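1. Prediction below, plus the sequence it came from.
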2 protein chains.
Amino acid sequence: MSKIQHRSLYLEVADRVRDLIERGDLAPGERISEKQLCERFGVSRTPLREALKVLASEGLIELLPNRGARVMRLTLKMVKDTYDLMGALEGLSGELACQNISDEGIKAIRALHDEMLRHYRDRNLANYFQVNQKIHEGILAASANEVLQEMYSNLSQRVKRVRYSKKMTDDFWHRAVQDHEHMIIALEARDGKRLGQILRDHLCNKLEAVSLAGVIEEERTLDAANA
Amino acid sequence: MSKIQHRSLYLEVADRVRDLIERGDLAPGERISEKQLCERFGVSRTPLREALKVLASEGLIELLPNRGARVMRLTLKMVKDTYDLMGALEGLSGELACQNISDEGIKAIRALHDEMLRHYRDRNLANYFQVNQKIHEGILAASANEVLQEMYSNLSQRVKRVRYSKKMTDDFWHRAVQDHEHMIIALEARDGKRLGQILRDHLCNKLEAVSLAGVIEEERTLDAANA
DNA sequence: TGGATGAATTTTGAATTCTTAATATCTTTC
DNA sequence: GAAAGATATTAAGAATTCAAAATTCATCCA
């Protein structure tokens, strides 16, 4: 039996706009027309504008006074900064997880790890990614720090658009799997410092993959668009 | 000549509500009446409600559907979690600062450090705190990571209410100053890993001071209030 | 033809109004 | 006298309306 719960309209709208941004239906730098979105969602401007304010404070859009909103443009520096931050947070999550995770929890992560290895051997990138993410989410959850989880998911949301670059070189993939081998060893030994360090460096690798993929627009693009 | 700039009303309101919460004029757990605040600020409900939504997404208040807002209640666990997070962020700021800070920047921090030591010797707690904060802000700024700064200031805002406990034992104070001695050495050596580690542990000490001061309400208090 | 000026239109900002849900009060009944 | 139900009151959610700013577009002049 599902709980009878009337979520506020502005939350619903915020979710849907987040979706649109993530899927790329709203392009970075694109001006967001209030009227257009109102019609699309079938709501009045009040809840829509409330949602936009929330999204702005989440860093997904920017609000230009008297000129409406636009999807936040990602510069290479912003993404780098965000990844540095996410690395620090993942590192912390690893440390805390080693303190707080149950033995069953470790077993569950181990099972995911083995499953991921199978997908790696099969060269099944999609499944690999999925299980990979579950592992990181598992460690994050095991940290038992809700504030950390909240911050992480906000940061993650911001860079989601550039995250999954389809072209993953064999070299990077191999290194990522190696990282995970070290991670599971550190976790099973409950060596928090070590797991933290690995997780942090692990994310740096991911950033390399992203910036190489060239998904992000360079600063000069931004200047051009602003002019 | 100052720029003619009309900040949006909702931003103004959000700032003022933040202030009220920080100063304790709005008590934790206290129900926030929209009408009352509207009258107090002389604005209509629309910008006020937009401000409340932003504050909710910042974690300062919570929005109960159809029941208005109330100031977020801080539990001991929440503060602990937040401090863990802030520690990780300070650690990162130290690492990045060592990479990015200029020689002049280091000299400026050194000057602040020496000033702080003077205040310590004079047992001038207020001035000590002020300069101490400037040092941490200086390192944060030197990290040259705006996303980090934004996140840090958000977290800092959340726990500002409990932060400055007046009673600081000599022992804690001594340890804090020692930490700072090590910090400045690491910074001048541009030893990022070390500075990061010190900053992280440094904040842990602060948390001890806070939790000992007993400013925060325990979980049971929360339950009682919710019942 | 190109740029500047000013009216018309559009869009955003904010207040008001309307609607619905929650809370308090008052009956009524046992 | 207490509990359950009905009604009144209040407050929140959302749409509409009004006001102000920005944008567009047409006109005028160099």
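-> Received the coordinates, thanks.

2. What segments of chain A are helices?
-> Taking DSSP state H as the test, the helices found in chain A are A:9-23, A:34-41, A:45-57, A:76-100, A:103-121, A:125-142, A:146-158, A:160-163, A:170-188, A:192-213, A:219-226.

3. Do any residues in the longest one lie close to chain B?
-> Yes: residues of helix A:76-100 are located near chain B by Cβ under 8 Å from any Cβ of the partner chain, namely A:78, A:81, A:82, A:84, A:85, A:87, A:88, A:89, A:91, A:92, A:96. Just so you know, the C-beta spots here come from the backbone N, C-alpha and C atoms, and that holds for glycine as well.

4. Check the burial of the closest residue to DNA strand C within chain A by counting its neighbours.
-> Across chain A, no residue is closer to DNA strand C than residue A:68, which sits at 2.9 Å (Cβ to the nearest atom of the strand). For residue A:68, the number of neighbouring residues by other Cβ atoms under 10 Å in any protein chain shown comes to 15.

5. And residue A:71, by the same measure?
-> Residue A:71 has 22 neighbouring residues, counting by other Cβ under 10 Å.

6. Look up the pLDDT of the nearest residue to residue A:154 once chain neighbours are set aside for me, please.
-> Take residue A:154 and drop its neighbours on the chain: the residue closest to it by Cβ to Cβ, 6 or more residues apart in numbering or on different chains is residue A:58, 5.9 Å away. Note on residue A:58: pLDDT of 96.

7. same question, the one 4 residues further on
-> Residue A:62 is assigned 95 on the pLDDT scale.

8. so it touches residue A:56, yeah?
-> Yes: Residue A:62 lies in contact with residue A:56 (Cβ atoms under 8 Å); the separation is 6.3 Å.

9. between the two, what contacts are shared?
-> By the contact definition Cβ atoms under 8 Å, 6 or more residues apart in numbering or on different chains, residue A:62 and residue A:56 are jointly contacted by residue A:69.

10. Look up the closest residue to the residue positioned nearest the centre of chain A, ignoring the ones flanking it.
-> For chain A, the residue whose C-alpha lies nearest the mean C-alpha position (Cα atoms, centre = their mean) is residue A:156; its distance is 2.3 Å. Distance criterion Cβ to Cβ, 6+ apart; nearest residue to residue A:156, sequence neighbours excluded, is residue A:86 at 6.9 Å.

11. Let me see the contact set for that neighbour.
-> With Cβ under 8 Å, 6+ apart, residue A:86 has these contacts: A:152, A:155, A:156, A:159, A:203.

12. Enumerate the residues of chain A near DNA strand D.
-> Residues of chain A lying close to DNA strand D (Cβ under 7 Å from any atom of the strand) are A:8, A:9, A:10, A:43, A:44, A:45, A:46, A:47, A:65, A:66, A:67.

13. Narrow those to those that are buried.
-> Buried members of the residues of chain A next to DNA strand D, scored by 16 or more other Cβ atoms under 10 Å in any protein chain shown, are A:9, A:10, A:43, A:47.

14. Which ones, among those residues, also lie beside chain B?
-> Within these, those near chain B by Cβ under 8 Å from any Cβ are residue A:10.

15. just the buried ones among the residues of chain A next to DNA strand D now: which is nearest residue A:123?
-> Distances from residue A:123 to these, taken as Cβ to Cβ, are shortest for residue A:10 (44.0 Å).

16. Is it correct that residue A:146 is in contact with residue B:84?
-> No: Residue A:146 is beyond contact range of residue B:84, at 11.2 Å (criterion: Cβ under 8 Å).

17. who's more crowded, the two?
-> Each of residue A:146 and residue B:84 has its neighbours counted (other Cβ under 10 Å); residue B:84 has more, 21 against 13.

18. How is chain A divided into domains?
-> Following automatic domain parsing, chain A resolves into domains at A:9-71, A:76-213.

19. Pick out the shakiest of the ones you listed, pLDDT-wise.
-> Lowest mean pLDDT of those: domain A:76-213, a mean of 90.

20. No further questions, thank you.
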